[in-house]
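>>> below is the sequence, then the predicted model.
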Amino acid sequence: LRILTLPSREPAEIASMVSLASEELAPYPREQLVVQHRILNTLDSGESRVLVVLLHQGVIQQHVERLSAAGLEPEHIFFSTACLYAAACAAPDAPKGRFALACVSTDAVEVLVIQDGILEFSRGVAHHGPWNLDSGADGEALSYEIRDALAAWRRESEAGETLEPLYVAGDGLDAVSLANNLESLMGKPCLPARFMEALPGSDLHTRRGDPVIARGAALAAWGDASQTFDFLPPSII
């Protein structure tokens with residue numbers, strides 16, 4: 001995933017620029033990539049901020065094969081970061097202004113910075129195996145990835161501010177425990193992202209955590225997500 005500032009407001013020109021830049025953004029030949037983009041917003045300078053998602057075809061094929069082995073055929077294949085973004089923006093009590101959200105799932109962490117409903121920054125990091133925050137190594141690794149992501153946002157945005165508190169969501173994990181652990185590890189205020197519990201499907205919330213990415217995918221399936229990426233292969237369509 002990349003957020004680019006491109007010198008155009010014309011959709012056709014932006015599409016051409018994204019296509020030309022794709023091989024520089026991912027370490028694969030263009031013919032092996034599936035590339036989609038969405039315009040986030042336009043700037044007074046005549047430029048546009050564009051969200052670009054690049055996937056290797058093999059990643060999509062892995063999902064299709066797993067579903068096929070279970071006797072299932074997908075109608076959509078959504079992008080998890082866009083689903084998380086949709087869920088955060090749809091929450092009626094989402095924080096105003098600019099805020100940072102860290103979503104910790106069993107084998108990954110995604111950090112988003114959102115300002116007034118517009119995605120400013122996103123970084124996702126995979127983790128090999130479930131996080132064990134009772135382990136010092138896992139806790140340090142998770143807090144490092146979040147700190148590093150927020151530092152990258154400050155560098156890219158040239159913003160001097162520190163985003164506090166950090167809102168924490170647990171996709172299948174308990175957000176309260178995560179927030180408490182991260183506050184201790186990072187030495188900065190961390191709050192569970194309670195505002196996301198007001199989304200449709202709140203009855204799905206269990207002691208094991210709120211499936212926020214799945215709920216964002218439901219919003220996309222209903223057509224209620226502002227930025228939707230569907231990677232369903234042409235062979236299935």
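Done, it's in.
>>> what about this structure, any weak spots by pLDDT?
135, 159-160, 200-209 (pLDDT under 70).
>>> give me phi/psi at the most centrally placed residue in it?
Most central in the chain under C-alpha atoms, centre = their mean is residue 81, positioned 2.3 Å from the mean C-alpha point. In terms of degrees, to the nearest 10, the main-chain angles of residue 81 are phi -60, psi -40.
>>> what's the closest non-adjacent residue to it?
In space, and not counting its chain neighbours, residue 81 is closest to residue 122: 5.4 Å by C-beta to C-beta, 6 or more residues apart in numbering. Just so you know, the C-beta spots here come from the backbone N, C-alpha and C atoms, and that holds for glycine as well.
>>> got phi/psi on the residue lying farthest from the centre of the chain?
The centre of the chain is farthest from one residue, residue 71, which by C-alpha atoms, centre = their mean lies 28.5 Å away. Taking degrees, to the nearest 10, you get phi 80, psi 20 for the backbone angles of residue 71.
>>> contacts only, for it.
Applying C-beta atoms under 8 Å, 6 or more residues apart in numbering to residue 71 gives no contacts.
>>> and residue 8, by the same measure?
14, 17, 46, 47, 48.
>>> one more time with 10 Å, if that's ok
Neighbour list for residue 8: 14, 15, 16, 17, 39, 42, 46, 47, 48, 50 [criterion: C-beta atoms under 10 Å, 6 or more residues apart in numbering].
>>> hmm, which of those residues are the buried ones?
14, 17, 39, 47, 48, 50 (16 or more other C-beta atoms under 10 Å).
>>> can I assume the fifth one is in contact with residue 39?
Yes - proximity of residue 48 to residue 39 meets the contact threshold set by C-beta atoms under 10 Å, at 5.3 Å.
>>> any residues in contact with both of these two?
Common neighbours of residue 48 and residue 39 (C-beta under 10 Å, 6+ apart) are 6, 8, 9, 11, 14.
>>> the closest residue to the fourth one other than its chain neighbours pairs with what?
Read it as residue 11. In this structure, residue 11 finds its nearest non-sequential neighbour in residue 39, 7.1 Å apart by C-beta to C-beta, 6+ apart. Counting by DSSP bridges, residue 39 is bridged to residue 50.
>>> residue 39 and residue 13 touch, don't they?
No - when contacts are counted by C-beta under 10 Å, residue 39 is not listed as touching residue 13 (11.2 Å).
>>> gap between residue 186 and residue 67?
When distance is defined by C-beta to C-beta, to the nearest Å, residue 186 is 37 Å away from residue 67.
>>> for those two, work out which one has more neighbours and name it.
residue 186 (18 against 14; other C-beta atoms under 10 Å).
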